[in-house]
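**Q** Sequence first, then the predicted structure, then my questions.
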Amino acid sequence: MKSYRKTVIFDIVVTFVILAVTFFASLVLNDLFEANALIPSMFVLAVFLIALSTDGYVLGLISALLCVLADNYAFTFPYFAFDFTVQENIISAIIMIVITLTTSTLTTKIKKIEETKMEAEKEKMRADLLRAISHDLRTPLTSIYGSSSTVIENYDNLSDKDKIEIVGGIKEDSDWLIRMVENLLSITRIDNSNVKLIKSDVVLEELIDSVLTKFHNRYPNQEVKLDMPDKFIILSADAILIEQVLVNLLENAVEHAKGMTELKLNISQDEKKVTFEVIDNGCGVDKDKIKKIFLGYYMSEEKPKDTQKHYMGIGLSVCSAIIKAHGGTITAKNAESGGMIFRFSIDSQEVSDE
Amino acid sequence: MNNRYKILIIEDEANIRKFVTALLEANDYKVLQADSVDSGIMMFTSYLPDLIILDLGLPDLDGTEFLKTIRKDSLVPVMVLSARTSEQDKVDALDMGANDYVTKPFGSAELLARIRSILRVNRRSAETGRLPGGKFETGELVIDYDSRKVFLDGAEIKFTQTEFNIMAYLSEHFGKVLTYSAIIRDIWGFSDSGSIKKLQVNMANIRKKLNLKPGDNKYISNELGVGYRMHDDNKKGM
């Protein structure tokens, strides 16, 4: 509702500015050329511009009437007085109204078409995502279902070692499912409110504390080298979502950066932004694949292989969606020394002196 | 075997109840089961368990109703187990008197650690107490309520009045997640728009003085958007 009122106010301001400019320009032109043949076309232009740049018909119609009145009052004989007996004026009024109506209709139509196009695109993305997810859920579910029934039906024939191994597989696949569901929840958190986030004040140190604690719980053996400013910094962000981004990026490195020996999280601050970098020294990614890295494979031409489970898809595309919703961008590039650098920035508040 | 802890689990999902029961029994706890708020209250009044594990989405009433009912006259620790993940859900349950909040899905190790942590607190308060005049110890951290001093590794750490008050409050509720508003109410008595920030600044100073690095998960952990909790110095013992 608020934004609706805002656009109305904006439209009124635009209308007023265009009318005023036209009126005074006409006065000047009238003095300069002493030819009032120019005046009606000036007003027609004004009405056309207003109808083009405002929503709906109302403002266009009002300004059309105003223009007719202004023309009548200031630029036709008798000057600076109304005179409604001249037929010319009535005809010019009708012409202006027709121009307003057709222009407004056209612009409204174009706007509607654009809206449906965007809606359709969103719908397609959602459908693609759903398809990709359903495909990806099937693999771990198959393994969970198969493994558990194997243990139940062959309990006496399996050695203890086999049983532990099979049940371990169930645990691994459930772990993967848990992470998938967390990412999906994050997406709904963005989608629900139409990219309106619940931003709050987040203490940077607490955020990183939470991220690293979560990460260490999942990967107790992977050390993260942390480099961050030793200051009290407050971010304006959705804490849970940014936490998800950082955890995803760190996990992505562990899962995909083959040969990685060092994982770094660098955080730096300039006047208004805090920049996060997740850096690994693993195998890196092919140049042509980097461009698509945030799209998830469902947007790329390659068909997912049936065996492929730990793809780079949804985790990174969730990161990108979250950062986009925060008004920023996330980038990925190969480091010169090998490995990948993921980087994004978040708005910060000034540092408190206390 | 008589002094085994009794744990009541109130959960309508039979599979979850089954595996939690198996897990707890394998770790030498005595387990009571209920599948609704009604039967939960009945089990609670007749067996007086040492700890309650409570699901929020129950068939007859919401789990928070159970919490409200028993909190009228009991301090028994309650651990909420829920699929609801928003910060507000956690804050609500904690402010209603829950001691801890575990979101589904959870791992068995995590669940056991949290149960141990809660039960240890309760034993501590029954034996020595965290009364003023006493001392609080966990790991290398010692809080002397009488002289209002804090020691880490035997060396005194200088805290401001407010910082000490926060430390004392957290230690008095060792193991329990304390929400921002609960801490603010205790320390300042009132809250205004800047209260949370004031608390966060104080917490940042406390962490710095205790030399806690992000990700350490030592002594004090923070739940983003919810609050803080004091616990042991290492994860394994938790």
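**A** Now that the structure is in, tell me what you want to look at. Numbers count the residues shown, from 1 in each chain, chains lettered A, B, ... in the order given.

**Q** Can you pull out the low-pLDDT segments for chain B?
**A** Applying pLDDT under 70 to chain B flags the ranges B:1-3, B:121-133, B:233-238.

**Q** now the residue lying farthest from the centre of chain B: how far from B:Asn211?
**A** Most distant residue from the mean C-alpha position of chain B: B:Ala155, 27.7 Å away (C-alpha atoms, centre = their mean). Applying C-beta to C-beta, to the nearest Å, the value for B:Ala155 to B:Asn211 is 11 Å. No exception for glycine: its C-beta is placed from N, CA and C like everyone else's.

**Q** One more: A:Val211?
**A** A:Val211 is 20 Å from B:Asn211, where distance means C-beta to C-beta.

**Q** of those two, who's got more company?
**A** Taking other C-beta atoms under 10 Å in any protein chain shown, A:Val211 and B:Asn211 do not tie; A:Val211 has more neighbours (25 against 11).

**Q** my read is the more buried one is in a helix, agree?
**A** Yes: A:Val211 forms part of a helix when assessed by DSSP: H, G, I helix; E, B strand; the rest coil.

**Q** quick one on the thing from earlier: give me phi/psi at the residue farthest from the centre of chain B?
**A** Note on B:Ala155: its backbone torsions stand at phi -100, psi 140 [degrees, to the nearest 10].

**Q** ok, it - contacts?
**A** Contacts for B:Ala155 (C-beta atoms under 8 Å, 6 or more residues apart in numbering or on different chains) come out as none.

**Q** Report the beta-bridge partners for it.
**A** Beta-bridge partners for B:Ala155, by DSSP bridges, are B:Leu152.

**Q** would you list every one of the helices in the stretch 51-200 of chain A?
**A** Secondary structure of the stretch 51-200 of chain A (DSSP state H, counting those that start in this stretch): helices located at A:58-70, A:87-153, A:160-192.

**Q** Next, format those as CSV and append distance to A:Leu265 and mean neighbour count.
**A** Formatted as CSV, the helices of the stretch 51-200 of chain A follow (distance: least, C-beta to C-beta, whole Å; neighbours: other C-beta atoms under 10 Å in any protein chain shown):
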stretch, distance to A:Leu265, mean neighbour count
helix A:58-70, 53, 20
helix A:87-153, 27, 14
helix A:160-192, 19, 15
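
**Q** State the distance from the spatially closest residue to A:Val203 that is not a sequence neighbour to B:Gly227.
**A** Counting by C-beta to C-beta, 6 or more residues apart in numbering or on different chains, B:Gln200 is the residue found nearest to A:Val203 once chain neighbours are left out, at 4.9 Å. As judged by C-beta to C-beta, B:Gln200 and B:Gly227 stand 11 Å apart.

**Q** Three-state assignment for the residue in chain B positioned nearest to chain A, please.
**A** Residue of chain B nearest chain A, by C-beta to the nearest C-beta: B:Gly215 (2.6 Å). Three-state assignment for B:Gly215 (three-state DSSP): coil.

**Q** wait, what's in contact with it?
**A** A:Ile208, A:Asp209, A:Val211, A:Leu212, A:Thr213, A:Phe215, A:His216, A:Val224, A:Leu226.

**Q** So which of those residues reach chain B?
**A** Contacts with chain B within the contacts of B:Gly215, counted by C-beta under 8 Å from any C-beta of the partner chain: A:Ile208, A:Asp209, A:Val211, A:Leu212, A:Thr213, A:Phe215, A:His216, A:Val224, A:Leu226.

**Q** List just the nearest of these to chain B.
**A** A:Leu212 (2.6 Å).

**Q** wait, isn't that closest one in contact with A:Leu226?
**A** Yes: the pair A:Leu212 / A:Leu226 is scored as a contact, 7.1 Å apart, by C-beta atoms under 8 Å.

**Q** So for those two, which residue has more residues nearby?
**A** Ranked by neighbour count (other C-beta under 10 Å), A:Leu212 and A:Leu226 place A:Leu212 first, with 21 against 15.

**Q** Run through the residues of chain B sitting next to chain A.
**A** Listed as neighbours of chain A in chain B under the rule C-beta under 8 Å from any C-beta: B:85, B:87, B:105, B:110, B:196-197, B:200-201, B:203-204, B:207, B:213-217, B:221-225.

**Q** sorry, back to before: what separates the residue nearest to A:Val203 from B:Val177, distance-wise?
**A** B:Gln200 sits 16 Å away from B:Val177, going by C-beta to C-beta.

**Q** Now do the residue lying closest to A:Asp175 once chain neighbours are set aside, the pLDDT please.
**A** Excluding the flanking residues, the one nearest A:Asp175 by C-beta to C-beta, 6+ apart is A:Arg218, at 7.7 Å. With respect to pLDDT, A:Arg218 scores 84.

**Q** number of nearby residues for A:Arg218?
**A** 15.

**Q** ok, it to B:Leu75 distance?
**A** A:Arg218 sits 34 Å away from B:Leu75, going by C-beta to C-beta.

**Q** cool, B:Val37 as well?
**A** Counting by C-beta to C-beta, the separation of B:Val37 from B:Leu75 is 19 Å.

**Q** Same drill for these two, tell me which one is more crowded.
**A** Set B:Val37 next to B:Leu75 and count neighbours by other C-beta under 10 Å: B:Val37 wins out with 23 against 11.

**Q** got a list of what the residue positioned nearest the centre of chain B touches?
**A** Note on chain B: the residue nearest the mean C-alpha position is B:Lys176, at 2.0 Å, using C-alpha atoms, centre = their mean. Residues near B:Lys176 by C-beta under 8 Å, 6+ apart: B:Asn99, B:Asp100, B:Ile118, B:Val121, B:Arg229.

**Q** What angle do helix A:58-70 and the host helix or strand of A:Ile9 make with each other?
**A** Mapping A:Ile9 onto the secondary structure by DSSP states H and E places it in helix A:2-33. Angle, helix A:2-33 to helix A:58-70, by axes from the mean of the first three to the mean of the last three C-alpha atoms, to 10 degrees: 20 degrees.

**Q** If you count contacts, what does helix A:2-33 end up packed against?
**A** Other helices and strands packing on helix A:2-33, by 3 or more C-beta pairs under 8 Å, 6 or more residues apart in numbering or on different chains; DSSP states H and E, are helix A:38-53, helix A:58-70.

**Q** pLDDT averaged over the last one - what is it?
**A** So the one you mean is helix A:58-70. For helix A:58-70, mean pLDDT rounds to 79.

**Q** ditto for the first one
**A** Over the span of helix A:38-53, the pLDDT mean works out to 81.

**Q** Distance from that helix to the middle of the chain?
**A** 36 Å (C-alpha atoms, centre = their mean, to the nearest Å).

**Q** counting contacts, what elements does that helix pack onto?
**A** Partner elements for helix A:38-53 (3+ C-beta pairs under 8 Å, 6+ apart): helix A:2-33, helix A:58-70, helix A:87-153.

**Q** Take the helices and strands packed on helix A:2-33 and write them to JSON lines, including distance to B:Asn165.
**A** Below are the helices and strands packed on helix A:2-33 laid out as JSON lines (distance: least, C-beta to C-beta, whole Å):
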{"stretch": "helix A:38-53", "distance to B:Asn165": "60"}
{"stretch": "helix A:58-70", "distance to B:Asn165": "60"}
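
**Q** can you tell which of the ones you listed is closest to B:Glu140?
**A** helix A:38-53 (68.9 Å; C-beta to C-beta).

**Q** Can you give me the buried ones in that closest one?
**A** A:Ile39, A:Pro40, A:Met42, A:Phe43, A:Val44, A:Ala46, A:Val47, A:Phe48, A:Leu49, A:Ile50, A:Ala51, A:Ser53 (16 or more other C-beta atoms under 10 Å in any protein chain shown).

**Q** got it, and stretch A:70-90?
**A** Those would be A:Ala70, A:Asp71, A:Asn72, A:Ala74, A:Phe75, A:Thr76, A:Asn89, for stretch A:70-90 by 16+ other C-beta under 10 Å.
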